[in-house]
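> The following block contains a protein sequence and its predicted model.
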Amino acid sequence: MARSTPSPVCLGAIAGAHGIKGLVRLKSFTARAEDIAVYGPLQDARGARQFDLALVGASRGALIARIKGVEDRNAAERLKGEKLYVARDRLPPTEAGEFYHADLIGLAAELRDGAPFGRVVAVQDFGAGPSLEIGRASGDSVLVPFTAAVVPVVDIAGGRVVVVPPVGLLEAPPPRRKGRSR
């Protein structure tokens, strides 16, 4: 089943206030962190509010920005956790083999033989490279490395990915031993 391309796309989030003059700390989800500011005003998830950003620096892994209309620390603190979006048509097209994370969320995950495996619920990166979080029908989820060996097919138009689970991923964990360990 084909799915429509999601819009808008989340480019970052406000991590909190910086100082007392209304500056905010930003977590950027763009390939180059600074690129969050090149797409013009960003918006909230509903498109009800716009955020006109001006980057002023970086501190402790976050960008520091001024947002037009945010003049003091209290106003900046109220924005903590706000996700920043841009309309999909303002983003550059992807190259072959490239995907926006937003394009992957919601895709059906199938095994190589076509059997259902779950649905992509998130793209995670804990430092060792991206992983797809696959929600299973049982209610649990599994992380699979987002590599060509484990996810050999990404069919955005067809609304699916093919997953070749690594050995041991689908096996039940061994029972825990009771008692003291030696």
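Everything's here; your move. Numbers count the residues shown, from 1 in each chain.
> The longest helix anywhere in the chain: how far from the chain's middle?
Looking across the chain with DSSP state H, the single longest helix is helix 73-78. Computed by C-alpha atoms, centre = their mean, to the nearest Å, the chain-centroid distance of helix 73-78 equals 25 Å.
> next SSE after that helix?
Remark: after helix 73-78, the chain's next helix or strand is strand 83-86, criterion DSSP states H and E.
> residues in contact with that next one?
Applying C-beta atoms under 8 Å, 6 or more residues apart in numbering, the contact partners of strand 83-86 are 8-14, 26, 36, 39-40, 42-45, 47, 51, 53. Just so you know, the C-beta spots here come from the backbone N, C-alpha and C atoms, and that holds for glycine as well.
> before we move on, the earlier item: report all helices and strands that the longest helix of the chain contacts.
Helix 73-78 sits against strand 9-18, with contacts defined as 3 or more C-beta pairs under 8 Å, 6 or more residues apart in numbering; DSSP states H and E.
> Keeping just the C-alphas, turn the strand it packs on into PDB.
Only the C-alpha atoms of strand 9-18 are listed here, as PDB (Å, rounded to 0.1, in the frame of the first residue of the first chain):
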ATOM      1  CA  VAL A   9       9.400  17.600   8.400                       C
ATOM      2  CA  CYS A  10      10.900  18.000  11.800                       C
ATOM      3  CA  LEU A  11      14.300  19.700  11.600                       C
ATOM      4  CA  GLY A  12      15.000  20.200  15.300                       C
ATOM      5  CA  ALA A  13      13.800  21.000  18.800                       C
ATOM      6  CA  ILE A  14      14.200  23.700  21.400                       C
ATOM      7  CA  ALA A  15      16.200  22.200  24.300                       C
ATOM      8  CA  GLY A  16      15.800  25.100  26.700                       C
ATOM      9  CA  ALA A  17      16.700  28.700  27.500                       C
ATOM     10  CA  HIS A  18      20.300  30.100  27.300                       C
END
